[in-house]
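[1] My questions concern the predicted model and sequence given below.
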Amino acid sequence: MLDRKFILENIELIKKNCENRGVKAEVDRFVAVDEQRKKLQAQVEELNRQANVVSKSIGQAKDPAERDARKEEGRKLREQTQAAQAEVDALGVEAEQLQRRIPNLSHPAAPVGVDDQSNLELFRGKTPPPAFDFQPLDHVELMKKHDMVDFEAGAQVAGHGFYFLKNDAVLLELALQQYAVHALLKEGFTPITTPDLARNDILEGIGFIPRGPETQIYSIENSDLSLVATAEITLGGMLAGQILDAGTLPRKYCGISHCFRTEAGAHGRESRGLYRVHQFTKIEMFAFTLPEDSEAMLDHLRDLECRLFDGLGVPYRVVDTATGDLGGPAYRKFDLEAWMPGRGEFGEVTSTSNCTDYQARRLDIRYRVKGEKGTHFVHTLNGTAIAISRGLIAVVENYQQKDGGIIVPEALRPWMGKEKIAVSV
RNA sequence: GGAGAGGUGGCUGAGUGGUCGAAAGCGUCGGUUUGCUAAACCGAUGACCGGGAAACUGGUCCGCAGGUUCGAAUCCUGUCCUCUCCGCCA
């Protein structure tokens, strides 16, 4: 959510930004409603002032008749106030709803465009795409060959989009987790396992919409809880309502959680195999910073993602996400897209965003500088370290061999305990 | 799940109908003293919204939402959260 005053003072800028992002936010409506609200609020305050004066005078009234007259006066004033206040409240609610729908500002360098067609490739990873002298399999065939996954059982137990990982896939999942967590530990991240459920107001604070026809979120019946779509939700919510000492910033957390997504409306080729599933495990980076440090932190998170995938020897490219593809809270976003031989194209495996103070304002996460008056909103950033499902695709497809085996990336061998996933007779 | 206790300013904590935006202590800031630091002493010190060039001034806020009342931190109802004890359970 953007600052109310900032919106009022930069109406044209906000409108232009909404247009660049392809968001239909009613900025004019917001401005009109807010103005009306303010006007009425002034009236309420005047009525309140009069009522307060009357109330005070009652305590000092000398005779009972005088007292009763004043009481009656006070009663009338309060009635008027209540009616006016109800109007103000209604306007306030409407204004806030409109305000919450206005997306974050966009970084001036972010490519302008309405969808991912306008994403700008920045550079590629250290590892070139493998040149196979055979027809590579896609991860579904590969993993079935090695009895690493069971989609049928997943569908039987939980429906399409669910799966069982088995055998070496389980070892690979654990190895990827260990690899990522240990790499981040060295970078000063605090490792956290988070709840897989969160309150809806936390979800909303981060920028998710828990209910409604287009929701990506599973909600728990008869509660205000939802399954989280990412640990970004829980890690951001972890400090909701807190005032942090500026000296403790930046804070970097590395969260491990399951991620649940309904993937409403997402069908087609991308839904094959593990690429788009309803549940996966993810190692997530999350940072709270001072405003002046968030741009550098975004570069840091992007760099870490690159190092993780360079370390795995997985080919990738990094794209600067176009304005129309940013999502509400992000000010700037970089995606890392791994080469997926089975698809013959790059597929998103990680994403890192600078959400500036957009989430912090909704979640009320502030900082205080020692010796200075007042508080300010922190900046929040998030980035995927490794999303296991897509990470698995990238690893197994790029490391497949002519003989059908899968070489284990060197970085994972300490956790896997083997160099190759060999074809069993 | 059962039984209790409690949610007050950056923190601890007092406050049971008007004199309370709220005692006291801690912390923080300024000053005095002092080779320096510390200690001691004196003073200041909540947030948000609005009006004003400013001095200043109006309103709101004691978990949240309602209610009673001319008037609520204080009484009533609901709700969320925290803590303690008991039970159950990985």
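    Yes, it's here. Just so it is clear, the structure is predicted and the values come from calculations on it, not from any experiment. Numbers count the residues shown, from 1 in each chain, chains lettered A, B, ... in the order given.
[2] Can I get stretch A:417-424 in CSV, CA atoms only?
    Provided in CSV are the C-alpha atoms of stretch A:417-424 (Å, rounded to 0.1, in the frame of the first residue of the first chain):
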residue,chain,number,x,y,z
GLY,A,417,26.1,-39.7,-0.9
LYS,A,418,26.4,-40.7,-4.6
GLU,A,419,27.7,-39.3,-7.9
LYS,A,420,25.2,-40.7,-10.2
ILE,A,421,21.6,-41.9,-10.3
ALA,A,422,22.1,-44.9,-12.4
VAL,A,423,19.6,-46.9,-14.4
SER,A,424,18.8,-50.0,-12.5
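[3] so is the spatially closest residue to residue A:189 that is not a sequence neighbour in a helix, a strand, or just coil?
    Ranked by CB to CB, 6 or more residues apart in numbering and with sequence neighbours excluded, the top spatial neighbour of residue A:189 is residue A:254, at 3.9 Å. From N, CA and C alone the C-beta is placed, and that goes for glycine too. In three-state terms, and counting by DSSP: H, G, I helix; E, B strand; the rest coil, residue A:254 is strand.
[4] Run through the bridge partners of the residue lying closest to residue A:185 once chain neighbours are set aside.
    Of all residues not flanking residue A:185 in the chain, residue A:191 sits nearest, at 6.4 Å (CB to CB, 6+ apart). Under DSSP bridges, the beta-bridge partners of residue A:191 are residue A:254.
[5] residues contacting the residue nearest to residue A:189?
    Residues counted as contacts of residue A:254 (CB atoms under 8 Å, 6 or more residues apart in numbering) are A:180-181, A:184-185, A:189-192, A:283-286, A:385.
[6] May I see the PyMOL selection of the buried members of those residues?
    Here is the PyMOL selection string for the buried members of the contacts of residue A:254, based on 16 or more other CB atoms under 10 Å:
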select buried, chain A and resi 180+181+184+189+192+283+284+285+286+385
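[7] confidence score at the closest residue to RNA strand B within the stretch 51-200 of chain A?
    Residue nearest to RNA strand B within the stretch 51-200 of chain A: residue A:74 (2.5 Å; CB to the nearest atom of the strand). Residue A:74 is assigned a predicted lDDT (pLDDT) of 88.
[8] what do you get for residue A:265?
    69.
[9] what do you get for residue A:218?
    On the pLDDT scale, residue A:218 is placed at 91.
[10] Just give the closest residue to it, not the sequence neighbours.
    The nearest residue in space to residue A:218 (CB to CB, 6+ apart) is residue A:227, at 4.3 Å.
[11] and that neighbour, what does it touch?
    Taking CB under 8 Å, 6+ apart as the criterion, residue A:227 is in contact with A:196-197, A:217-220, A:258, A:260.
[12] quick one, phi/psi of it?
    Residue A:227 adopts backbone torsions of phi -70, psi 140, taken as degrees, to the nearest 10.
[13] Outside of stretch A:310-319 itself, list whatever touches it.
    Contacts of stretch A:310-319 (CB under 8 Å, 6+ apart): A:119-130, A:179, A:183, A:302, A:306, A:309, A:334-339, A:346, A:349, A:391, A:394-395, A:398-399, A:409-412.
[14] Please pick the buried ones from those residues.
    The neighbour count (16+ other CB under 10 Å) marks A:119, A:124-125, A:127, A:129-130, A:179, A:183, A:302, A:306, A:309, A:334-339, A:346, A:349, A:391, A:394-395, A:398-399, A:409, A:411-412 as buried among those.
[15] got any ranges where chain A has weak pLDDT?
    Applying pLDDT under 70 to chain A picks out residues A:59-62, A:265-269, A:371, A:425.
[16] Pull up the residues of it that are close to RNA strand B.
    Listed as neighbours of RNA strand B in chain A under the rule CB under 7 Å from any atom of the strand: A:5, A:38, A:41-42, A:44-46, A:48-49, A:51-52, A:54-56, A:58-59, A:71, A:74-75, A:77-78, A:89, A:243, A:370-371, A:373-375.
[17] Could you pull out the helices in chain A for me?
    For chain A, helices defined by DSSP state H occupy the ranges A:4-9, A:11-21, A:27-59, A:64-101, A:139-145, A:151-158, A:168-185, A:200-206, A:231-237, A:294-312, A:358-363, A:388-398, A:413-416.
[18] Tell me who's in contact with residue A:385.
    A:180-181, A:183-184, A:254, A:282-285, A:304-305, A:308, A:350.
[19] All set now, cheers.
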